[in-house]
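Colleague: after the sequence you'll find the predicted model.
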Amino acid sequence: MVLSLLFFAALFNTLSFAVKAARGGLPARSSSERLLSAPSVLLSVLTVLGNFTASRTIELLHPAVASVIIQLQVLFAATAAYVWLREGISAAFAVGSIVSLVGVGMMQWRDGGMGSNVLLGTLFGLATATAFGLMQVITRSVASQVDPLRFNAERLWLAVLWLSLLPGQLSGVLALRGETVVLTAVAACFGPFLARIALIYAARYLPAGLTTLMGLLSPVVVLAVSVPLLGTLPRGLELAGGALAIVGTLIALRPSR
């Protein structure tokens, strides 16, 4: 499923880049952008690694525990950006991040045990958080020097290539039919394509930790959209968790004094 998702995203991304090139001429690579193949390759590897470890984390841990551990990428990204890019970490950001993480955990909470293998699931979750956090920092470091459509297309096609080399991946894609193909394409359009392009643009202006933190609001958006589209009413714990996620983000956005 991940391969098909990335394939459709790469296809949409490439078509959009072709339209942009046709309308305004093919943008030439800058002298600095010619040196940025390494970030594209690294991001593609981290994309594959992060998606694999995330799926294992979800399989092994309670959904709330898995969500919180994976979303530790916020703190990992902020720490890596502090070391690598010298971006500051304010007290408001630290407090807001913790509040938001608690909110995410509340939104995902269901009755049941911590998971089938807590230790292994936690290790996979930390690996996921590290991979996704590093992706944010790498993106931040090159965002102002690259064309977002071209850069993301390189990342996606390379990730598709790596996944295609794994046994059984291509057969799974070829087995998709009908509605599954449509739903996968729609998810790819809004996820690895549009969301990542928006993130690259955001990374030009916002610190890596903050762009990652704002991603914690995605479950809140899903919760809000599911009411009119699916007719599902959120539980009290989901509403409280969503409110905490929003409050935590607002706290983190407070300017430091």
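Modeller: Yes, it's here.
Colleague: and the helix or strand hosting Val104, what's buried?
Modeller: Secondary-structure assignment from DSSP states H and E places Val104 in helix 91-108. Going by neighbour count (16 or more other Cβ atoms under 10 Å), the buried part of helix 91-108 is 92-94, 96-97, 99-108. For glycine as for every other residue, the C-beta is placed from the backbone atoms N, C-alpha and C.
Colleague: spatially central residue in the protein, please.
Modeller: Phe132 (6.6 Å; Cα atoms, centre = their mean).
Colleague: packing partners for the helix holding Val104?
Modeller: Other helices and strands packing on helix 91-108, by 3 or more Cβ pairs under 8 Å, 6 or more residues apart in numbering; DSSP states H and E, are helix 63-70, helix 73-84, helix 208-214, helix 218-230, helix 236-253.
Colleague: picking up where we left off before, check contacts around the residue nearest to the centre of the chain.
Modeller: 46, 50, 70, 73, 77, 212 (Cβ atoms under 8 Å, 6 or more residues apart in numbering).
Colleague: give me that answer again for 7 Å
Modeller: Counting by Cβ atoms under 7 Å, 6 or more residues apart in numbering, Phe132 touches 50, 73.
Colleague: to Thr57, which of the helices and strands packed on helix 91-108 lies closest?
Modeller: Thr57 lies closest to helix 63-70 among the helices and strands packed on helix 91-108, at 4.8 Å (Cβ to Cβ).
Colleague: how far off helix 236-253 does the closest one point, in degrees?
Modeller: 10 degrees (axes from the mean of the first three to the mean of the last three Cα atoms, to 10 degrees).
Colleague: can you point out the buried residues in helix 63-70?
Modeller: 64-70.
Colleague: what residue ranges in the stretch 101-250 of the chain score low on pLDDT?
Modeller: Within the stretch 101-250 of the chain, no range satisfies pLDDT under 70.
Colleague: return the most buried member of the helices and strands packed on helix 91-108.
Modeller: Of these, the one with the most neighbours on average (mean count of other Cβ atoms under 10 Å) is helix 208-214, at a mean of 26.
Colleague: quick revisit: the residue nearest to the centre of the chain: helix or strand, and which one exactly?
Modeller: Take DSSP H and E as the rule and Phe132 turns out to sit in helix 118-142.
Colleague: can you name every helix or strand that the next helix-or-strand element following that helix contacts?
Modeller: Moving toward the C-terminus from helix 118-142, the next helix or strand (DSSP H and E) is helix 148-164. Here helix 148-164 touches helix 2-24, helix 37-60, helix 196-203, going by 3 or more Cβ pairs under 7 Å, 6 or more residues apart in numbering; DSSP states H and E.
Colleague: looking at those, spot the one closest to Gly236.
Modeller: Closest among the helices and strands packed on helix 148-164, using Cβ to Cβ: helix 37-60, at 24.0 Å.
Colleague: that closest one to helix 2-24, inter-axis angle?
Modeller: Going by the same axes, to 10 degrees, helix 37-60 makes 140 degrees with helix 2-24.
Colleague: could we number from 806 for the rest of this?
Modeller: Sounds good: first residue 806 from here, last item helix 842-865.
Colleague: buried set for helix 842-865?
Modeller: Here helix 842-865 shows 844-845, 848-859, 861-863, 865 as buried, counting by 16+ other Cβ under 10 Å.
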